[in-house]
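**Student:** fold the following for me, if possible:
(one chain, ligands or ions: 1)
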Amino acid sequence: MEAIRPKLFDFRGVAMTNYFTDNFDNVEKFSAKPDDILIATYPKAGTTWVSHMLDQIYFGENSETLKSLPVYERVPFLEMCAPKHMPGVELIENMTSSPRLIKTHLPVQLVPKSFWEQNCRVIYVARNPKDNAVSYYHFDRMNYVEPEPGNWESFLERFKQGQMVFGSWYSHVKGWWERKQTNPRILYLFYEDLKEDVVRELGRLCDFLGVSLSEEARDRVLRAVGFQNMKDNSMANYSTCAVMDHSISPFMRKGMVADWKNHFTVSQNEEFDEDYQRRMKDTTLTFRMEI
Ligand code: PPS
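**Tutor:** Below you'll find the model as predicted:
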């Protein structure tokens, strides 16, 4: 696999790489449709899980399409513009399905304005920062279009400083949380809640979307989005993605809450908690580090 690891730079106050900024003129000009559904997350918070869930809710009965297209084509990544892949904007513009399901990792202030003008529904998924950092670390090891991760210790420092692609976890989760307070078209979900009770969270999701599933359809969705089923499904597990090396770490890695306990040292944890308390003082948003 080619070594094409990019460097981070500041883009409008957010750490980014060229793979997410090269096409930004077209991202900003993107024309959303009223029934588009945006799935927004900080990287590694549960994007693929919720994307697959939405895809199953809307198109799960059309199993032929689901079997032949990977999740990153069924739910295109708006700002993505990487080698060997069609830019996200083009993929979306070529879509014929309705509603269009669209993935983004953009912080709220960089979302193209047409999503707000069209009053689109947005599902935001957040994950506790310790597990989020661990998942991001292993992802950066196996994904050659991410910056070099370095060792865990230095990665964790960079995470705390917001020197990650898509910037600071703190700014991201708080920015979207503040926007949600005044925009009822944003549903804010937590990875930990999904793990705790996926049936309940699927119900909340369907209520928000105004979708009513039969018991049979609901069971089909739940089966399809189970961790092991997604891990075994080549259309959901990114095994077809050319820039990832799953022998280093699989994309569908552990899928659990509190795996951070296997990575953080006692002092890393204490320092992280102290920093976390300080930086979350100005928000009503709270996270569960374990369930
Ligand atoms: S990305 O690259 O930003 O789109 O990654 P993202 O999909 O947001 O996050 C990947 C992590 O989500 C876990 N995952 C799941 N957990 C539980 N159940 C299901 N069905 C599921 N699908 C994906 C995946 O394993 C990654 O977490 P880690 O902790 O690394 O295992």
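**Student:** use CA for all of it now, contacts and neighbours both
**Tutor:** Noted.
**Student:** need the residues of the stretch 51-200 of the chain near the ligand, please.
**Tutor:** Applying CA under 6 Å from any ligand atom, one finds that the stretch 51-200 of the chain approaches the ligand through residue 135.
**Student:** pLDDT below threshold where in the stretch 51-200 of the chain?
**Tutor:** In the prediction, the stretch 51-200 of the chain carries residues with pLDDT under 70 at positions 63-66.
**Student:** apply 90 and report the result again.
**Tutor:** Confidence mapping of the stretch 51-200 of the chain against pLDDT under 90 gives the ranges 61-68, 82-85.
**Student:** and the residue of it closest to the ligand?
**Tutor:** Nearest residue of the stretch 51-200 of the chain to the ligand: residue 135, at 3.7 Å (CA to the nearest ligand atom).
**Student:** quick one: that residue from residue 151, how far?
**Tutor:** When distances are taken as CA to CA, to the nearest Å, residue 135 and residue 151 turn out to be 14 Å apart.
**Student:** quick one: which of those two has more around it?
**Tutor:** Neighbour count, other CA atoms under 10 Å: between residue 135 and residue 151, residue 135 has more, with 22 against 10.
**Student:** residue contacts, that one?
**Tutor:** Under the criterion of CA atoms under 8 Å, 6 or more residues apart in numbering, the contact partners of residue 135 comprise residue 44.
**Student:** ditto for the one 10 residues further on
**Tutor:** Contact criterion CA under 8 Å, 6+ apart gives 4, 5, 6, 19, 82, 243 as the residues in contact with residue 145.
**Student:** tell me if I am right that it is in a strand.
**Tutor:** No: secondary structure assignment (DSSP: H, G, I helix; E, B strand; the rest coil) places residue 145 in coil, not in a strand.
**Student:** in which helix or strand would I find the residue of the stretch 51-200 of the chain closest to the ligand?
**Tutor:** Taking DSSP states H and E as the definition, one finds residue 135 inside helix 129-142.
**Student:** how about that helix as PDB, C-alpha atoms only?
**Tutor:** Below are the C-alpha coordinates for helix 129-142, written out as PDB (Å, rounded to 0.1, in the frame of the first residue of the first chain):
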ATOM      1  CA  PRO A 129     -13.800  11.000  24.500                       C
ATOM      2  CA  LYS A 130     -11.700   8.200  26.000                       C
ATOM      3  CA  ASP A 131     -13.200   5.500  23.800                       C
ATOM      4  CA  ASN A 132     -13.400   7.900  20.900                       C
ATOM      5  CA  ALA A 133      -9.600   8.600  21.200                       C
ATOM      6  CA  VAL A 134      -8.700   4.900  21.400                       C
ATOM      7  CA  SER A 135     -10.800   4.100  18.300                       C
ATOM      8  CA  TYR A 136      -9.300   7.000  16.400                       C
ATOM      9  CA  TYR A 137      -5.800   5.900  17.300                       C
ATOM     10  CA  HIS A 138      -6.300   2.400  15.900                       C
ATOM     11  CA  PHE A 139      -8.000   3.800  12.800                       C
ATOM     12  CA  ASP A 140      -5.100   6.200  12.100                       C
ATOM     13  CA  ARG A 141      -2.800   3.200  12.300                       C
ATOM     14  CA  MET A 142      -4.700   1.300   9.600                       C
END
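**Student:** what pLDDT does the residue nearest the centre of the chain get?
**Tutor:** The residue lying closest to the centre of the chain (CA atoms, centre = their mean) is residue 47, at 3.2 Å. According to the model's per-residue confidence, residue 47 sits at a pLDDT of 98.
**Student:** just say helix, strand or coil for residue 32.
**Tutor:** Per three-state DSSP, the local secondary structure of residue 32 is coil.
**Student:** against residue 182, how distant is the residue of the stretch 51-200 of the chain closest to the ligand?
**Tutor:** Here residue 135 is placed at a distance of 31 Å from residue 182 (CA to CA).
**Student:** now residue 237
**Tutor:** When CA to CA is applied, the distance between residue 237 and residue 182 equals 35 Å.
**Student:** what comes up buried for stretch 20-27?
**Tutor:** By 16 or more other CA atoms under 10 Å, the buried positions in stretch 20-27 come out as 20, 23, 24, 26, 27.
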